[in-house]
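> could you look at this predicted model? Sequence included:
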Amino acid sequence: MVLINAAKNMDVEETGSINNENLDAIENENEEEIVDDSEERELVVNDSCSTKVLDATDQPRDSYWVVYLLFYLFGITSLVPWNFLITANDYWMYKFRDVTPPVNFTMEVRKTQFQAEFTSYLNVATAIPNLIFLILNSLYGHLVSVKSRLQGSLLVVTLCFLVTTTFVQIDTDEWQNTFFIITMVTVVIMTAASAIFIGGIVGIASRFSKEYMGAVVSGQSLGGIIAAIAQIISLAFKISPLHSALIYFIIADLMLVTSLIAYIMLYKIDFFTYHILRGTGGMAPNRHREVSMLLVMKKVWVYAFSIFAVFAISMAVYPAVTVLVESHPVTKGTDWNNIFFVPVVNYLIFNVGDYSGRLVAGFLLRPLNKWLIAVASVLRVIGVPMLMLCNALPRKNLPVLFPWDYEYIMIMIVFAFTNGYLTNIIMINATREVELHEREKASSVIATMLSVGLTVGAAVGMLLVHML
């Protein structure tokens, strides 16, 4: 309760209040000025939206932290396409298996071309559209209202995932090529829409106190934990690839539909609509004040570099290198070695460590100095050779210096924790470096540089695998 009250007091101090004289002055000043107030009109005129905030003298409260919890949900939802598609690896291997009758039953079963290359294609189909549409959102997102962007993008992601879920029950053995093309097109569309949603929800969160940005960022990591647990449960109960994928995708569908409904309902909450118009007193001119991208970049470039470094370093080894790490040879033949080691350590432990780091950062929020944050972000590169020197197989060049499971797990925990910790600190502090009306643009810049880091890191990871 102390933390909650402190957070609410901080939010009140940060937002301040606008007296009636200032409001009259703003109204008189802008009588001669024609402005685009379409978004504010959408909020005020539409009967589905709250209007009390425009006449209230006191700032509304987030009763029962409903908005905070919904931001958590939106954070989880924002990475649903990636988390649930990549987790259903067994399903994709089944869909693209060799369906031709074997000539010799003693022949070794080998991966088909689709099986061997699907993950690489999936990475490309997610990385490139994500980067392109985050850039487009940061440059031109202001031309479309936030409400339209988020509702539209979330609807597109939901429809695409429903299509993906439908194909689980359809026999595609006779037309794998067509199914592959449909899947890639769907993933591209889904990723593009998801990028717009991420850019928009991060921009909205920047208008609230730091706890709300922390909720979105932490929710993204929590989504990875949910997907990893679902995978481990399906492995433990030996569920077939089709049934496990159906479970994954239905869970994702429910989360997406729930998020879509929740976002529509947000506009009925006074606390949310107050912060959407925050800093404008309900007036449009400040809300639509022109924001210079160059000026914002000058203010946040250190944080932009830091988020780039964090994710480029992480993606250089995770999951390209870490997925190759095997349990110590003494566990050979056990279920831990054959079934659970990679899902538990590579996915669950990493996501739990990442999530823990984001939670701790939300309370501690240290360091505040942007140069120290940048140095800490770069120092994480130490984890790259350490993970490469774990028991990743096959390898031809490098020795194994950390063969034991506990060594690998300890390195992974530190690597994941620092990833989450620095991510949250950067996302929160970057928006505090700019003026209130610049926060949405600054958030888009940071999200874009994060995506650039992911793309560069994935490319470097392909090279590091060949260096093992």
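Yes, it's here. Residues are numbered from 1 along each chain as shown.
> distance of residue 275 from residue 206?
10 Å (CB to CB, to the nearest Å). Where C-beta positions appear, they are placed from N, C-alpha and C, glycine not excepted.
> so between the two, which is more surrounded?
Neighbours per residue (other CB atoms under 10 Å) separate residue 275 from residue 206, with residue 206 holding more: 27 against 24.
> average pLDDT across stretch 319-333?
Averaged across stretch 319-333, pLDDT comes to 86.
> contact partners of it?
For stretch 319-333, contacts defined as CB atoms under 8 Å, 6 or more residues apart in numbering pick out 336-337, 341-342, 345-347, 350, 387-388, 390-394, 403-405, 408, 412, 458, 461-462, 464-465, 468.
> now those: which count as buried?
337, 341-342, 345-347, 350, 387-388, 390-392, 403, 405, 408, 412, 458, 461, 464-465, 468 (16 or more other CB atoms under 10 Å).
> those residues in helices, which ones?
When DSSP state H defines the helices, the subset of these inside them is 341, 350, 387-388, 405, 408, 412, 458, 461, 464-465.
> domains of the protein?
Following automatic domain parsing, the chain resolves into domains at 38-99+112-288, 290-468.
> ramachandran angles for residue 208?
phi -100, psi 180 (degrees, to the nearest 10).
> and the nearest residue to it once chain neighbours are set aside, how far from residue 212?
Counting by CB to CB, 6 or more residues apart in numbering, residue 208 lies nearest to residue 275, which is 5.3 Å off, once chain neighbours are set aside. Separation of residue 275 from residue 212 (CB to CB): 8 Å.
> residue 277 now?
The value you get for residue 277 to residue 212, if CB to CB is used, is 16 Å.
> same deal with residue 195?
From residue 195 to residue 212 the distance is 20 Å (CB to CB).
> pass me the low-pLDDT residue ranges in this protein, would you?
1-58, 101-110, 278-291 (pLDDT under 70).
> the helix or strand where residue 230 lies - contacts with which helices or strands?
Assigned by DSSP states H and E, residue 230 belongs to helix 210-236. Here helix 210-236 touches helix 66-78, helix 80-87, helix 176-205, helix 241-266, helix 350-364, helix 405-431, going by 3 or more CB pairs under 8 Å, 6 or more residues apart in numbering; DSSP states H and E.
> go again with 6 Å.
When contacts are defined as 3 or more CB pairs under 6 Å, 6 or more residues apart in numbering; DSSP states H and E, helix 210-236 packs onto helix 66-78, helix 80-87, helix 176-205, helix 350-364, helix 405-431.
> please save the CA atoms from the helix or strand just after the fourth one in CSV.
Downstream of helix 350-364, the first helix or strand assigned by DSSP H and E is helix 370-379. Listed next in CSV are the C-alpha coordinates belonging to helix 370-379 (Å, rounded to 0.1, in the frame of the first residue of the first chain):
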residue,chain,number,x,y,z
LYS,A,370,22.2,8.4,-19.0
TRP,A,371,25.9,7.9,-19.5
LEU,A,372,26.1,5.2,-16.8
ILE,A,373,23.2,3.5,-18.4
ALA,A,374,24.9,3.5,-21.8
VAL,A,375,28.1,2.1,-20.3
ALA,A,376,26.2,-0.7,-18.5
SER,A,377,24.4,-1.5,-21.7
VAL,A,378,27.6,-2.0,-23.6
LEU,A,379,29.3,-4.0,-20.7
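> list the buried residues for helix 370-379?
370, 373-374, 376-377.
> next, the angle helix 405-431 makes with it.
150 degrees (axes from the mean of the first three to the mean of the last three CA atoms, to 10 degrees).
> packing partners of helix 370-379?
helix 293-317.
> buried sites along the helix it packs on?
So, applying 16+ other CB under 10 Å, buried residues of helix 293-317: 296, 299-300, 302-317.
> count of neighbours near residue 99?
Neighbours around residue 99, by other CB under 10 Å: 12.
> please report how far it lies from residue 311.
To residue 311, residue 99 is 38 Å away according to CB to CB.
> swap in residue 268?
Counting by CB to CB, the gap from residue 268 to residue 311 is 36 Å.
> do the same with residue 182
As judged by CB to CB, residue 182 and residue 311 stand 30 Å apart.
> residue 346: what's it in contact with?
Neighbouring residues of residue 346 by CB atoms under 6 Å, 6 or more residues apart in numbering: 322-323.
> which one, of the helices and strands packed on helix 210-236, ends up nearest to residue 398?
helix 405-431 (14.6 Å; CB to CB).
> for that closest one, list every residue counted as buried.
So, applying 16+ other CB under 10 Å, buried residues of helix 405-431: 405, 407-408, 411-431.
> check stretch 444-462 too.
Neighbour-count burial for stretch 444-462 [16+ other CB under 10 Å]: 444-458, 460-461.
> swap in stretch 78-95?
For stretch 78-95, the neighbour count (16+ other CB under 10 Å) marks 78-95 as buried.
> and it, how far apart are its ends?
26 Å (CA to CA, to the nearest Å).
> begin at 34, not 1, for the rest of this chat.
Sure, I'll start numbering at 34, so the last one becomes stretch 111-128.
> just how off-centre is that stretch within its chain?
Centroid displacement of stretch 111-128 relative to its chain, using CA atoms, centre = their mean, to the nearest Å, is 15 Å.
> what comes into contact with that stretch?
So stretch 111-128 is contacted by 148, 151, 159, 223, 227, 230-231, 253, 256-257, 260, 264, 274, 278, 281, 285, 288 (CB under 6 Å, 6+ apart).
> next one: stretch 165-178
72, 225, 228-229, 232, 477-478, 480-481, 484.
> need phi/psi at residue 428.
phi -140, psi 150.
> ah, wrong one, I meant residue 156
According to degrees, to the nearest 10, residue 156 has phi -60, psi -40.
> dump the residue contacts of it.
Taking CB under 6 Å, 6+ apart, one finds residue 491 in contact with residue 156.
> rewinding a little: look at the residue nearest to residue 241 and give its secondary structure.
Under DSSP: H, G, I helix; E, B strand; the rest coil, residue 308 falls in the helix class.
> from residue 240, how far out is it?
Using CB to CB, residue 308 is found at 5 Å from residue 240.
> next: residue 285.
From residue 285 to residue 240 the distance is 28 Å (CB to CB).
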